[in-house]
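[1] sequence and predicted structure are below.
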Amino acid sequence: MKTMTFKTISAICLPLMILSCSDEYSWHENFEARHAANLEKLEISIQRKKPSPEVAQAHILLGRKETGIAMLEDLIAKGNDSAYLVLAKMRDDGRLIEKDAEFAEQAFSILCESYIEPCTLLAQTFLTRGEFEKAESAYLSAAEFDYILAVTGLYRLYAKKGWSGHNMEKSKYWAGKIGSSKDYNVYSFDGLTKRKP
């Protein structure tokens, strides 16, 4: 991926991202509306590249789900954690491929042990089920690295009325940390940042 240009990354990765801090954001609808003309360029681009999470995503977007999923599964078998993250996000979302929330949660949990970003996805999974204490724990594991999505998540979580952990002092504390937080791979669909040893 180091040799990919910003234009290539934008054409392939950015339309696929799921912005964790906005529940209303629909990357899939925006992709279809704004980037339909880029599908031909995407097709040409993937023909020139080796198997990767980005190429697998492109196959799925172009309607070749089996090819894309097989590529991701092959990459996962070879230890590619970015491919594992991509497949988990797509399984969690369920719009482009079959939804499998159990697979996604397990993947986020496993990846959270080694990487920062999946912890916020795990936290969001817990939030959708009303498991606020588990969400808090997952957010805290990423917030220790000042990850912006975790910091923002904690700010919102502690401000949530009706939760036994509601605490405006903690909410204000995390709100104060938002400006100094790091974005790591917020705009990358498959980006992973290793936890510091």
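    Structure's in. What do you need?
[2] hmm, H59 and K49 touching each other?
    No. Using C-beta atoms under 8 Å, K49 is not in contact with H59, being 10.9 Å away. Glycine gets a C-beta too; all of them are placed from N, C-alpha and C.
[3] the more surrounded of the two?
    Between K49 and H59, counted using other C-beta atoms under 10 Å, H59 has the larger neighbour count: 21 against 15.
[4] element containing the more buried one?
    helix 53-61 (DSSP states H and E).
[5] next SSE downstream of that helix?
    Defined by DSSP H and E, the subsequent element after helix 53-61 is helix 65-77.
[6] picking that back up, and the helix holding H59, what does it pack against?
    Counting contacts by 3 or more C-beta pairs under 8 Å, 6 or more residues apart in numbering; DSSP states H and E, helix 53-61 is packed against helix 6-12, helix 39-47, helix 65-77, helix 81-93.
[7] most tightly packed of those helices?
    helix 81-93 (a mean of 23; mean count of other C-beta atoms under 10 Å).
[8] helix or strand right after that one?
    helix 101-112.
[9] that following helix to helix 65-77, inter-axis angle?
    Counting by axes from the mean of the first three to the mean of the last three C-alpha atoms, to 10 degrees, helix 101-112 lies at 30 degrees to helix 65-77.
[10] ok, residues contacting helix 101-112?
    81, 84-85, 87-89, 91-92, 117-119, 121-122, 125, 138, 141-142, 192 (C-beta atoms under 8 Å, 6 or more residues apart in numbering).
[11] alpha carbons of that helix, as CSV, please.
    Taking Å, rounded to 0.1, in the frame of the first residue of the first chain, the C-alpha atoms of helix 101-112 are listed here in CSV:
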residue,chain,number,x,y,z
ALA,A,101,-22.8,-9.7,13.6
GLU,A,102,-21.4,-12.6,15.5
PHE,A,103,-18.4,-12.9,13.1
ALA,A,104,-17.9,-9.1,13.2
GLU,A,105,-17.9,-8.9,17.0
GLN,A,106,-15.5,-11.8,17.4
ALA,A,107,-13.1,-10.2,14.8
PHE,A,108,-13.3,-6.8,16.5
SER,A,109,-12.6,-8.4,19.9
ILE,A,110,-9.6,-10.3,18.6
LEU,A,111,-8.2,-7.3,16.7
CYS,A,112,-8.7,-5.0,19.7
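[12] what's the average pLDDT for that helix?
    Averaged across helix 101-112, pLDDT comes to 97.
[13] by contact count, what packs against the next helix or strand after that helix?
    As assigned by DSSP H and E, the chain's next helix or strand after helix 101-112 is helix 117-128. On a contact count with 3+ C-beta pairs under 8 Å, 6+ apart, helix 117-128 meets helix 81-93, helix 101-112, helix 132-143, helix 148-158.
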